[in-house]
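>>> need coordinates for the below:
(one chain, ligands or ions: 1)
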Amino acid sequence: MHTPTTEARPSIYYNYEVFKPWLASAHPKQERQKVVIVGSGPAGMVTALELARHGVPSVVLSAELQLSQGSRAICFTRRSMEILQQVGVADRVTANGLPWRFGNSFYRGQRVFRMEAPHEPDDRFFPIINLQQQYLEEYLYDACKASPLIDFRWGNKVSAVKQKDGHAEVEVATPDGPYTLETDWLIAADGGRSGIRSAMNLPMEGASYEGFFVIADIRIDLPFPTERLAFFDPEWNPGNTILMHREPHGIWRVDYQLPPGETPEEALHPESLKTRINAQLEMIGHAGAPWEMDWSSVYSARTLTLPDFVHGRVIFTGDAAHLLPIFGVRGANTAFQDAQSLGWHLACVVKGLAGPALLQNHSTERVGAAREIIEESGKSTRFMAPPSRGFRLLRDAVLSLSLTQDFVRPLYHWRTSRPHEYTHSALNCRDDDNALFKAGPAHGAPPQNVRLGANDFLLDHLGGSFDLLYFTDTDMPEALQQVIEQARARGMPLKVTAVGTTHCVGGAQQHLPDSDGHMRQRYGVPANGAAYLLRPDQHICARWLSLDATRLQAALTTALPTIG
Ligand SMILES: Cc1cc2nc3c(=O)[nH]c(=O)nc-3n(C[C@H](O)[C@H](O)[C@H](O)COP(=O)(O)OP(=O)(O)OC[C@H]3O[C@@H](n4cnc5c(N)ncnc54)[C@H](O)[C@@H]3O)c2cc1C
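From the prediction side, this is the model:
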């Protein structure tokens with residue numbers, strides 16, 4: 001029997017709703033499912049929404065009866081917002097979050113670096129927006145609830161997993177007893193402590209760093225703008241690092257490193273928290289300002305990943321697949337990209353448009369992303385919390401020099417989470433004109449957004465299928481239209497957008513004007529007849545200066561093997 005708590009989690013700014021459990025006794029007959037998702041964190045819910053967008057139903061099993069405790073992920077990147085836009089929750093995040101683009105680094109009380117993240121008129125979203133994870137989960141849950149393709153089961157905890165011939169079977173504990181559920185595909189989105197990963201005995205590769213950080217969310221009125229604040233070697237916490245972020249609802253996150261040897265229990269003692277937060281407030285000139293504690297936690301940095309995310313019928317995603325340090329805001333932001341990738345790859349397999357081998361492409365690409373992030377975030381982690389005397393000496397040398405030398409200041413750069421580029425993907429076209437373009441997103445890159453009007457952007461019009469952007473102001477040649485029709489006849493979801501015209505053109509489902517040529521310039525398109533092919537996760541897999549039917553046919557076959 002599983003008895004999740006029915007007491008609402010404490011919070012001074014968020015009202016937790018306790019949802020009704022899904023009870024096994026009320027559903028005596030369980031049919032085999034196409035997809036079962038274990039876990040309703042950001043990874044699980046975005047995967048369910050992505051699958052639904054591609055027409056694939058799923059069951060989401062959530063051990064708890066409420067959303068996650070504490071603010072956890074608070075910084076969401078522009079690419080995450082573009083993904084959240086696709087699943088329909090970006091507007092709510094924009095309406096309630098705090099956007100920002102500047103960061104300030106201080107060393108011994110002196111500001112030594114001001115980071116400015118680029119924000120162009122072509123960007124719909126800010127580089128980063130701050131919002132507590134519970135709110136984001138609430139918006140995702142509302143979207144899941146609204147989808148007829150998502151069967152969401154609160155209070156359902158997976159207690160065992162078996163791989164069978166061609167499917168998986170899970171034992172699920174509920175508040176009124178267990179039941180068994182069979183599924184063609186099981187997605188383990190059960191978080192950093194994944195019970196499924198442990199039960200399957202899968203080792204992760206990478207490193208765990210020593211040293212602990214405390215996260216404390218406090219309600220306080222501080223007159224600072226929404227910018228990231230980093231303090232290195234401050235007087236009250238010598239040799240260590242402190243970060244501060246503004247969150248919505250009058251909350252500030254204070255994130256400080258502990259001296260070596262201090263245990264998490266000691267650090268979370270109310271007196272210890274109070275002394276350190278007061279010291280930090282005094283250092284920033286707000287000694288004695290009244291504040292109230294909401295949530296505190298301790299974490300240490302880990303850079304770990306499974307070397308393969310697909311194991312038979314079980315697919316790992318989000319924190320269950322990799323554990324990334326929070327410096328550079330990687331965890332949830334990476335989970336969104338995993339979910340977007342998994343959604344379309346798995347949908348194609350479930351719908352019979354491709355064989356299970358396509359899932360290996362998902363795994364290869366996303367493990368590649370995790371390894372790249374591990375490499376980058378390892379650098380940030382070693383800067384924030386040097387793991388050895390050598391690293392500390394180097395870090396301190398950079399910090400000291402930065403007081404007088406401009407050239408070292410950019411070394412403070414935070415290396416914020418950015419989308420991985422699938423440059424060497426097996427789905428990229430091999431004989432297109434990728435190398436001949438002088439601008440625009442190349443093979444494997446995410447798309448570049450383009451402003452089309454006051455509140456109208458290119459990415460508002462793309463997604464949910466493969467997208468062919470065809471630059472033209474006349475009808476598409478017959479031969480191209482035939483290749484597209486043949487691909488569609490075999491099930492490939494493919495939408496054609498004519499770019500550079502104010503009227504409908506033959507062969508295109510929609511058209512976008514480009515009267516000032518700005519989009520052509522952003523995409524490096526010199527003349528009509530050029531084209532870009534985007535995968536359903538919007539990454540580029542082919543581009544041509546001049547498209548012809550033979551090369552389009554080859555690109556479509558490569559992008560979705562077995563479909564020509
Ligand atoms: C203090 C802190 C600060 C962070 N800050 C940031 C940040 O600023 N930016 C960022 O991008 N990331 C941040 N992260 C990381 C981010 O919170 C995680 O990466 C993100 O929540 C991962 O999502 P997930 O869905 O993979 O896992 P989780 O959010 O952990 O969700 C796992 C889900 O699985 C469920 N579950 C577990 N076991 C079972 C089971 N047996 N049966 C059924 N359900 C089960 C859980 O109840 C939960 O719903 C932070 C994390 C922490 C702890």
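>>> so what does the longest helix along the chain touch, helix or strand wise?
Scanning the chain for the helix with the most residues, using DSSP state H, yields helix 357-384. Contacts defined by 3 or more CB pairs under 8 Å, 6 or more residues apart in numbering; DSSP states H and E place helix 357-384 against strand 302-305, strand 310-311, strand 314-316, strand 322-323, helix 331-350, helix 389-401. Every residue, glycine included, has its C-beta placed from N, CA and C.
>>> what lines up beside the first one in the sheet?
This points to strand 302-305. Strand 302-305 pairs in its sheet with strand 205-208 (antiparallel), strand 322-323 (antiparallel), by DSSP bridges.
>>> the third one now?
According to DSSP bridges, strand 314-316 forms sheet pairs with strand 177-188 (parallel), strand 310-311 (antiparallel).
>>> orientation of the first one relative to helix 357-384 in degrees?
Angle between the axes of strand 177-188 and helix 357-384 is 80 degrees (criterion: axes from the mean of the first three to the mean of the last three CA atoms, to 10 degrees).
>>> I'd like the next helix or strand past the lowest-mean-pLDDT helix or strand in the chain.
Lowest by mean pLDDT, DSSP states H and E among the helices and strands of the chain is helix 389-401, with a mean of 74. The first helix or strand that comes after helix 389-401 along the chain, using DSSP states H and E, is strand 451-453.
>>> quick one: distance of that following strand to the chain centre.
25 Å (CA atoms, centre = their mean, to the nearest Å).
>>> can you name the next helix or strand after it?
Using DSSP H and E, the helix or strand that follows strand 451-453 in sequence is strand 456-457.
>>> save the strands paired with strand 314-316 as CSV, and put in mean pLDDT, mean neighbour count and distance to Gly261 too.
Output for the strands paired with strand 314-316, formatted as CSV (pLDDT from 0 to 100; neighbours: other CB atoms under 10 Å; distance: least, CB to CB, whole Å):
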stretch, mean pLDDT, mean neighbour count, distance to Gly261
strand 177-188, 97, 20, 36
strand 310-311, 98, 20, 39
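>>> tell me which of those strands sits nearest to the ligand.
Closest to the ligand of these is strand 177-188 (CB to the nearest ligand atom; 8.9 Å).
>>> need the nearest residue in space to Thr364, chain neighbours excluded.
Ala426 (7.6 Å; CB to CB, 6 or more residues apart in numbering).
>>> what residues does the stretch 151-300 of the chain put near the ligand?
Counting by CB under 6 Å from any ligand atom, the stretch 151-300 of the chain comes close to the ligand at 157-158, 189-192, 195, 215, 297, 299.
>>> and the least confident of those?
By pLDDT, Tyr299 ranks lowest within those, coming in at 90.
>>> name the nearest residue to that residue, sequence neighbours excluded.
Counting by CB to CB, 6+ apart, Tyr299 lies nearest to Phe213, which is 5.6 Å off, once chain neighbours are set aside.
>>> the one you found reaches Ser297, doesn't it?
No. Look at Phe213 against Ser297 with CB atoms under 8 Å: they stay out of range, at 9.3 Å.
>>> those two: who's more crowded?
Using other CB atoms under 10 Å as the criterion, Phe213 and Ser297 rank with Phe213 on top: 24 against 17.
>>> what sits against that one?
255-258, 298-301, 385 (CB atoms under 8 Å, 6 or more residues apart in numbering).
>>> show the end-to-end separation of stretch 93-106, please.
End-to-end span of stretch 93-106 (CA to CA, to the nearest Å): 30 Å.
>>> quick revisit: weed out the non-buried ones from the contacts of Phe213.
255-258, 298, 301, 385 (16 or more other CB atoms under 10 Å).
>>> show me those that map onto helices.
Per DSSP H, the subset of the buried ones among the contacts of Phe213 in helices is empty.
>>> need the strands paired with strand 302-305 in a markdown table with mean pLDDT, can you?
Below are those laid out as a markdown table (pLDDT from 0 to 100):
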| stretch | mean pLDDT |
| --- | --- |
| strand 205-208 | 88 |
| strand 322-323 | 95 |
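>>> so what's Val59 up against?
33, 35-37, 151, 153, 181, 183.
>>> am I right that it falls within a strand?
Yes. According to DSSP: H, G, I helix; E, B strand; the rest coil, Val59 belongs to a strand.
>>> quick one: it and the ligand, what's the gap?
11 Å (CB to the nearest ligand atom, to the nearest Å).
>>> which residues does that residue bridge with?
The partner residues for Val59, given DSSP bridges, come to Val36, Asp151.
>>> now the stretch 1-150 of the chain against the ligand: closest residue?
For the stretch 1-150 of the chain, CB to the nearest ligand atom, closest residue to the ligand: Gly41, 2.2 Å.
>>> give me the phi and psi angles of that residue.
The phi/psi pair for Gly41 (degrees, to the nearest 10) reads phi -80, psi -170.
>>> could you double-check that it lies in contact with Gly191?
Yes. Checked against CB under 8 Å, the pair Gly41 and Gly191 is within contact range at 5.8 Å.
>>> who touches both of these two?
With CB under 8 Å, 6+ apart, Gly41 and Gly191 have common neighbours 318-319.
>>> more neighbours: which of the two?
Gly41 (25 against 22).
>>> residues contacting that one?
Residues near Gly41 by CB under 8 Å, 6+ apart: 68, 137, 189, 191, 318-319, 335.
>>> now it: how far from Gly331?
Between Gly41 and Gly331 the computed distance is 10 Å (CB to CB, to the nearest Å).
>>> run through who's touching stretch 421-430.
361, 364-365, 368, 434, 442-446, 533, 535, 539, 541-542, 551, 554-555, 558-560.
>>> what's the ChimeraX syntax to select whichever of the residues you listed are buried?
A single ChimeraX command selects the buried members of these (16+ other CB under 10 Å):
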select :361,364,365,368,434,443,444,445,446,533,535,539,541,542,551,554,555,558,559,560
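>>> share the number of residues neighbouring the closest residue to Ala479 other than its chain neighbours, please.
Leaving aside its sequence neighbours, Ala479 sits nearest to Ala549 (CB to CB, 6+ apart; 3.8 Å). Applying other CB under 10 Å, we find 15 residues neighbouring Ala549.
>>> I figured Met283 was touching Leu229, is that so?
No. The criterion here is CB under 8 Å, and Met283 misses it with Leu229 at 10.7 Å.
>>> pick out whichever of the two has more residues nearby.
Leu229 (20 against 17).
>>> quick check: the gap between the more buried one and the ligand.
14 Å.
>>> about what we covered before: would you reformat the contacts of Gly41 as CSV and include secondary structure?
Putting these into CSV (three-state DSSP) gives the following:
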residue, secondary structure
Ser68, coil
Glu137, helix
Ala189, coil
Gly191, coil
Gly318, helix
Asp319, helix
Ala335, helix
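>>> who wins on neighbours among those?
Counting neighbours by other CB under 10 Å, Ala189 leads these with 31 neighbours.
>>> that residue: what's it in contact with?
Contacts for Ala189 (CB under 8 Å, 6+ apart) come out as 37-41, 43-44, 47, 317-318, 320.
>>> the residues you listed into JSON lines, with extra columns for pLDDT?
Below are the contacts of Ala189 laid out as JSON lines (pLDDT from 0 to 100):
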{"residue": "Ile37", "pLDDT": "99"}
{"residue": "Val38", "pLDDT": "98"}
{"residue": "Gly39", "pLDDT": "98"}
{"residue": "Ser40", "pLDDT": "98"}
{"residue": "Gly41", "pLDDT": "98"}
{"residue": "Ala43", "pLDDT": "98"}
{"residue": "Gly44", "pLDDT": "98"}
{"residue": "Thr47", "pLDDT": "98"}
{"residue": "Thr317", "pLDDT": "98"}
{"residue": "Gly318", "pLDDT": "98"}
{"residue": "Ala320", "pLDDT": "98"}
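>>> return the member of those nearest to Leu353.
Thr47 (18.2 Å; CB to CB).
>>> ok, the closest residue to that closest one other than its chain neighbours to Ser68 distance?
Nearest non-adjacent residue to Thr47, counting by CB to CB, 6+ apart: Ala339, 4.2 Å away. Look at Ala339 and Ser68: by CB to CB, they are 16 Å apart.
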